[in-house]
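Colleague: Dropping the sequence and predicted coords here.
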Amino acid sequence: MIVAEYWRADYLYWVFPVIFILGLLAILGLLAVVLLIRLYAQYTCGRFRNKTRMDGKTVIVTGCTSGIGKETARELAKRGARVIMACRNIEAAEKVREEIIDTTKNTKVLVNKLDLSSFASIRKFAEDINKTETQLDVLIHNAGYAQTFKKDKSEDDIELTMATNHYGPFLLTHLLIDLLKKSAPSRIVVVASSLYRLASFNLNNPNPVNTLPGYLYYASKEANILFTRELARRLEGTGVTANCLHPGVVDTGIWRSVPAPLSWPLALINKLFFKTPVQGSQTTVMLAVDEKLSTVTGKYFSDCRESTLSASVSDMNKAKKLWEISEKMVKLEENDPKI
């Protein structure tokens, strides 16, 4: 009996430390795996290392109060560009403007109000740009809206995701196209996403107000690519190029639309595994800056290199039909520029 009790006490004496050490090793091993994944993402994701300057160039970046757009605007300002921040929230944009000027020492950073979900706002913005600017070298469609469950409509009675992510950029491009042509060689850069593969734009329901918004985000990304491809076709020979890109899965504010409790683990995953906004901006900057791409148009890029597309967005008949539908949805006027 005494021997059995002694053995049990001795057993407990060494088992608990072993369990503790194994648990500690497991935690350290997990942290090491996370670190390796982060390092892999940092050093294998596309990085644009070219130092090409943008002095004398004017660039418009939509949606740049945070995330990819903010870092894109910062990098282009760093390269000497005159950057026009086209943002819905003017107060937030002014703070970012001051930050960019402070970090880049480039004072040629401006803020102009633009709500891409509002056709009136788009027309006002384009009117101001056409009156005050003598050139536009790069137009970057970066702004994006995502909502998981809440169904909203724009002031023009259009589903808010589609209004912001597709119809707004479509109208803005038309209204600024003459200035872009005048400034040729010039570029249009559209931030899309590989998530387009999860959905399909329904040509028979161009204003899908009763469809789940989360799904429509993916569909709007397909629309971005179809728009870019048809835009490039129509602009052939003008000196204006149009390309689109997948920035990667990036830790940005767009994930704020995911409701709790799903948002809690997602926030941790974002920090551990997703790209940073700086990393996510690399392909956008490349398409705006790289001299080797001055005549490349109608292409899709990811991680700073050309990437392949699925059959659905390679269908130019679908791209043309979407274009014709979009012309009606944004109510192009007789005196508006034509592409």
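Modeller: Structure's in. What do you need?

Colleague: can I see the domain layout of this protein?
Modeller: 1-44, 51-329 (automatic domain parsing).

Colleague: For stretch 51-63, measure first residue to last.
Modeller: Across its full length, stretch 51-63 reaches 24 Å end to end, with CA to CA, to the nearest Å as the criterion.

Colleague: contacts for it?
Modeller: Here stretch 51-63 makes contact (CB atoms under 8 Å, 6 or more residues apart in numbering) with 69, 72-73, 76, 79-88, 114, 116, 129, 133, 135-144, 169, 172, 176, 183, 288-291. (Glycine included, C-beta is placed from N, CA and C.)

Colleague: Mark which of those are buried, thanks.
Modeller: 69, 72-73, 76, 79-88, 114, 116, 129, 133, 136-144, 169, 172, 176, 183, 288-289 (16 or more other CB atoms under 10 Å).

Colleague: For N335, find the nearest of the domains of the chain.
Modeller: Smallest distance to N335 across these (CB to CB): 10.8 Å, for domain 51-329.

Colleague: Just checking the distance from the closest one to the centre of its chain.
Modeller: Mean-position distance between domain 51-329 and its chain equals 6 Å (CA atoms, centre = their mean, to the nearest Å).

Colleague: for the record, mean pLDDT for stretch 222-237?
Modeller: The pLDDT scores in stretch 222-237 average 98.

Colleague: Hmm, I typed the wrong one, I wanted stretch 93-100.
Modeller: On average, stretch 93-100 scores 98.

Colleague: buried set for that stretch?
Modeller: In stretch 93-100, counting by 16+ other CB under 10 Å, buried: 93, 96-97, 100.

Colleague: so which of those comes closest to K151?
Modeller: A93 (27.4 Å).

Colleague: Now do the contacts for that closest one.
Modeller: A93 neighbours (CB under 8 Å, 6+ apart): 64-65, 85, 87, 111.

Colleague: Name the nearest of the residues you listed relative to L195.
Modeller: Lowest distance from L195 to the contacts of A93 (CB to CB) belongs to C64, with 21.0 Å.

Colleague: Let me know the pLDDT of that closest one.
Modeller: For C64, the model assigns a pLDDT of 95.

Colleague: cool, I188 as well?
Modeller: With respect to pLDDT, I188 has a value of 99.

Colleague: dump the residue contacts of it.
Modeller: 138-139, 141, 173, 180, 228, 231, 240-243.

Colleague: Just confirm I68 contacts P277, I think it does.
Modeller: Yes: if you go by CB atoms under 8 Å, I68 and P277 touch, sitting 5.3 Å apart.

Colleague: in which helix or strand would I find F201?
Modeller: Here F201, judged by DSSP states H and E, is contained in no helix and no strand.

Colleague: S121 versus that one, what's the distance?
Modeller: 24 Å (CB to CB, to the nearest Å).

Colleague: picking that back up, so which of the buried residues of stretch 93-100 sit within helices?
Modeller: Residues of the buried residues of stretch 93-100 located in helices (DSSP state H): 93, 96-97, 100.

Colleague: Quick check: closest non-adjacent residue to K78.
Modeller: Distances taken as CB to CB, 6 or more residues apart in numbering put T104 closest to K78, at 4.5 Å, once the chain neighbours are dropped.

Colleague: For the stretch 1-150 of the chain, just list every one of the strands.
Modeller: 58-62, 82-87, 109-113, 138-141 (DSSP state E, counting those that start in this stretch).

Colleague: count of neighbours near A311?
Modeller: 6 (other CB atoms under 10 Å).

Colleague: contacting residues for it?
Modeller: Contacts of A311 (CB under 8 Å, 6+ apart): none.

Colleague: buried sites along whichever strand or helix holds A319?
Modeller: Following DSSP H and E, one finds A319 within helix 316-329. Residues of helix 316-329 classed as buried by neighbour count (16+ other CB under 10 Å): 318-319, 321-323, 325-327, 329.

Colleague: Run through this protein and note the low-pLDDT ranges.
Modeller: 1-46, 148-149, 213, 249-275 (pLDDT under 70).

Colleague: coming back round to it: so the residue nearest to K78 makes contact with L76?
Modeller: No: taking CB under 8 Å as the definition, T104 is not a contact partner of L76, at 9.2 Å.

Colleague: Assess the claim that E75 and T283 are in contact.
Modeller: No: with contact defined as CB under 8 Å, E75 does not reach T283; the gap is 11.7 Å.

Colleague: Of those two, which one has the most company?
Modeller: More neighbours surround T283 than the other of E75 and T283, with 29 against 22 (other CB under 10 Å).

Colleague: ok, for that one, nearest residue in space, not its chain neighbours?
Modeller: L245 (4.6 Å).

Colleague: From the contact counts, what lies against the strand or helix carrying that neighbour?
Modeller: Per DSSP H and E: L245 is located in strand 240-246. Judged by 3 or more CB pairs under 8 Å, 6 or more residues apart in numbering; DSSP states H and E, strand 240-246 is in contact with helix 168-182, strand 186-191, helix 213-234, helix 282-289, strand 300-302.
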